[in-house]
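Using only what follows, build the 3D model:
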Amino acid sequence: MNYTTAGSSIKINLNHKSYLRDPEQTELGRKIIKESIILIDELGFEQFTFKKLAGVIGSTEASVYRYFENKHKLLVYLVSWYWAWLYYAVTFRTNNLPDPRERLNHVIDVITSANADDPTTLHVSESTLHRIVIAESSKVYLTKEVDLDNKEGYFLEYKRLCRHIGQIILEINPNYPYPHSLSSTMVEAAHQQQFFAQHLPSLTEVQGAQQTNADTTRFLRHLIFAAIDNKVQA
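Down below sits the predicted model:
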């Protein structure tokens, strides 16, 4: 994974086995990414097909298959792109902050406000991709092939983000025994609570609509810092 800049825009390149041909390298590939995000958000992953995507982009199914072997691997790519972009956003916002508590607060802010579009990415709507991650990202790893996919490196971007957050947690409390568990819980909870607020509101105190980001941020701050500062019982 690497990041390149051109003027005021950034490009995220994934060195990934989820694709057959890097979609970032061609106009058609970037169009496949852009329109697949819109279509999956509109239809849901189950109803999404390469045939429908080909109709939207004015091409053929065969042309889509030149980039991705199947729609599952396309979803893997999209979710991996999201984690890579989120890692970039987190490190960009926290790079020059010496206080780890302040850094972790900013990390929480970034994760809970990731439903806003980033003007530095040209062909990806982060707000739309964020909805896909909330609704569909668990389908990337809740499969029978998860162990093989892990060996292929499909989850490196997600693990890198969680590892980075875990390192900040250890800076705050070097004796905290569950930094990876807490960091992955934080990332999952940020999306899960927003899903509950929209669809299963009796499972959360997080409110929908305009309050979702603020409520999720407050909840995560309470959860994370209470855990870090609490003496864990043996």
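
Which positions in the longest helix seen in the chain come out as buried?
Longest helix in the chain by number of residues (criterion: DSSP state H): helix 71-94. Judged by neighbour count (16 or more other CB atoms under 10 Å), helix 71-94 contains these buried residues: 71-90, 94. All C-beta atoms are positioned from the backbone trio N, CA, C, and that covers glycine.

next one: stretch 122-140
123-126, 128-137, 140.

I'd assumed residue 12 was in a strand, is it?
Yes: judged by DSSP: H, G, I helix; E, B strand; the rest coil, residue 12 forms part of a strand.

quick one: the host helix or strand of residue 42 to helix 71-94, angle?
Secondary structure from DSSP states H and E places residue 42 in helix 27-43. Here the directions of helix 27-43 and helix 71-94 differ by 100 degrees (axes from the mean of the first three to the mean of the last three CA atoms, to 10 degrees).

so how far is helix 27-43 from its chain's centroid?
16 Å (CA atoms, centre = their mean, to the nearest Å).

quick revisit: in strands only, show me the buried residues of stretch 122-140.
Among those, no member is found in strands (DSSP state E).

Can you list phi and psi of residue 103 for me?
Main-chain dihedrals, residue 103, degrees, to the nearest 10: phi -60, psi -40.

how about the helix holding residue 42: buried residues?
Buried-residue list, helix 27-43, by 16+ other CB under 10 Å: 28-37, 39-41.

of all the residues you listed, which comes closest to residue 160?
residue 33 (20.6 Å; CB to CB).

Enumerate every residue touching that closest one.
Applying CB atoms under 8 Å, 6 or more residues apart in numbering to residue 33 gives the contacts 23, 24, 77, 78, 81, 123, 124.
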